[in-house]
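Colleague: Prediction below, plus the sequence it came from.
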Amino acid sequence: LKAMKRILRRLNFISKDNIIQEKGRVACEINASDELVLTEMLFSGFFGDLTPEQVPAIMSTFVFEEKSRTTPDVAPELSGPLRALQDIARRVATVSRDSKLEIEVEDYVKKFNPGLMAATYSWAKGSTFAEVCMLTDAFEGSIIRCMRRLEELLRQLLAAAKSIGNFPLESKLSDSIKLIKRDIIFAASLYL
């Protein structure tokens, strides 16, 4: 518990008097995935240069947990944001380790799995489900489950952006949700 408080203080989520700061309030809006890394991304301006199609692709690294049999190809337009995400995760892990929390930095960074990035990017650009399935070795049910979890994560980020008054990001996240929430992935039942 002391180590976690140290981490929150060093990342400015709480003050030295243990009073929750703005970053801490924003982190409270997020529970679908790693709230420390996501909050750092929000406050660093990470999303500023991303398109609404790139946002869900990058965010898919937070919800895709399966081991892939192949190394995924990362599109050139996604490699820069992926590196930036990994740098933020590395910084959070380093602060955690320096705060006496037992954590292996590179293992922590590897937990953000890019295995579904290409498929998510393609889906956000309007590809069919069959085309998306060709881009990954993940099972169809796994793709659907991850996309649904991704939509929930984007909704939480939208609420976090709204809480800090970041209206351009709010609009971008809303557009991203509209791009992925369609067709068979979000059908009420697959037995129609």
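Modeller: Okay, I see it. Numbers count the residues shown, from 1 in each chain.
Colleague: where does this structure have low pLDDT?
Modeller: 69-71, 189-192 (pLDDT under 70).
Colleague: How many residues are close by the residue lying closest to residue 151 once chain neighbours are set aside?
Modeller: Using CB to CB, 6 or more residues apart in numbering and skipping the chain neighbours, the partner closest in space to residue 151 is residue 181 (5.6 Å). Using the backbone N, CA and C atoms, a C-beta is placed for each residue, glycine as well. Neighbourhood size, residue 181 [other CB atoms under 10 Å]: 16.
Colleague: now the helices for the chain?
Modeller: Assigned by DSSP state H, the chain shows helices spanning 2-10, 22-27, 35-44, 54-63, 76-98, 105-110, 117-124, 129-134, 140-163, 167-180.
Colleague: Residue 186: which of these is closest?
Modeller: Closest to residue 186 of the helices of the chain is helix 140-163 (CB to CB; 7.2 Å).
Colleague: If you count neighbours, what's buried in the closest one?
Modeller: Residues 142-147, 149-151, 153-158, 160-161 are the ones in helix 140-163 that count as buried (16 or more other CB atoms under 10 Å).
Colleague: Point to the residue nearest the middle of the chain.
Modeller: With distances taken as CA atoms, centre = their mean, residue 59 lies nearest the centre of the chain, 3.1 Å away.
Colleague: Touching, that one and residue 154? I think so.
Modeller: Yes. At 6.3 Å, residue 59 counts as touching residue 154 under the criterion of CB atoms under 8 Å.
Colleague: Kindly confirm whether my reading is correct that residue 18 touches residue 5.
Modeller: Yes. In this structure, residue 18 is within contact of residue 5 by CB under 8 Å, at 6.8 Å.
Colleague: These two - which one has more neighbours?
Modeller: residue 5 (13 against 9).
Colleague: For residue 155, see how far away that one is.
Modeller: Counting by CB to CB, to the nearest Å, the gap from residue 5 to residue 155 is 29 Å.
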